[in-house]
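[1] sequence-free structure coming up:
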């Protein structure tokens, strides 16, 4: 009897592992919660994209205004695709700050010239330091930061028109 049980143990282990992996495949990586939810936006001190002499820090976001922070890069096809939605948000009066992530200054500026610039300020993050602190694993990613500099909402990936209507605008209104 013990010998039969010993022969079944690898099969039981394999079935358990298979079930665990199958469950993981059904998860959507674009709908993960940020580890920074309800925490202060990370400290940083970086230059702006447009002016390498101008430095900005966390106080840019803890200034009494609700702000959408969008992480983008010239190399990112989904960033191009979501730019009309971001321009629409800016036209609606929503304050936006960009984080030009793992890019060159020239390519980032060229991107904004080609696709428009909805951002009040673009933080230049060529080495991905701020992106790392935010837990970014790609672009685009968008964070809603409340009036006190606290992260209240996180959207991973491309923002569609329906995302704006169903998620982004309600979150902005909630925290204004």
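    Ah, there it is. Note that this is a predicted model, so its numbers are computed, not measured. Residues are numbered from 1 along each chain as shown.
[2] hmm, residue 46 is touching residue 125, no?
    Yes: contact criterion C-beta atoms under 8 Å: residue 46 and residue 125 qualify, at 6.1 Å. Any C-beta I mention is one placed from the backbone N, CA and C, and that applies to glycine too.
[3] these two: which is more packed in?
    Between residue 46 and residue 125, counted using other C-beta atoms under 10 Å, the more crowded position is residue 125 (26 against 19).
[4] could you identify the helix or strand that succeeds the helix or strand where residue 133 lies?
    Assigned by DSSP states H and E, residue 133 belongs to helix 129-134. From helix 129-134 onward toward the C-terminus, using DSSP H and E, the following helix or strand is strand 141-145.
[5] output the contacting helices and strands for that next one.
    Applying 3 or more C-beta pairs under 8 Å, 6 or more residues apart in numbering; DSSP states H and E, one finds that strand 141-145 contacts strand 67-72, strand 151-156, helix 169-175.
[6] quick one: contacts for the residue nearest in space to the middle of the chain?
    Nearest to the geometric centre of the chain sits residue 141, at 2.2 Å (C-alpha atoms, centre = their mean). By C-beta atoms under 8 Å, 6 or more residues apart in numbering, the residues touching residue 141 are 70-71, 134, 154-157.
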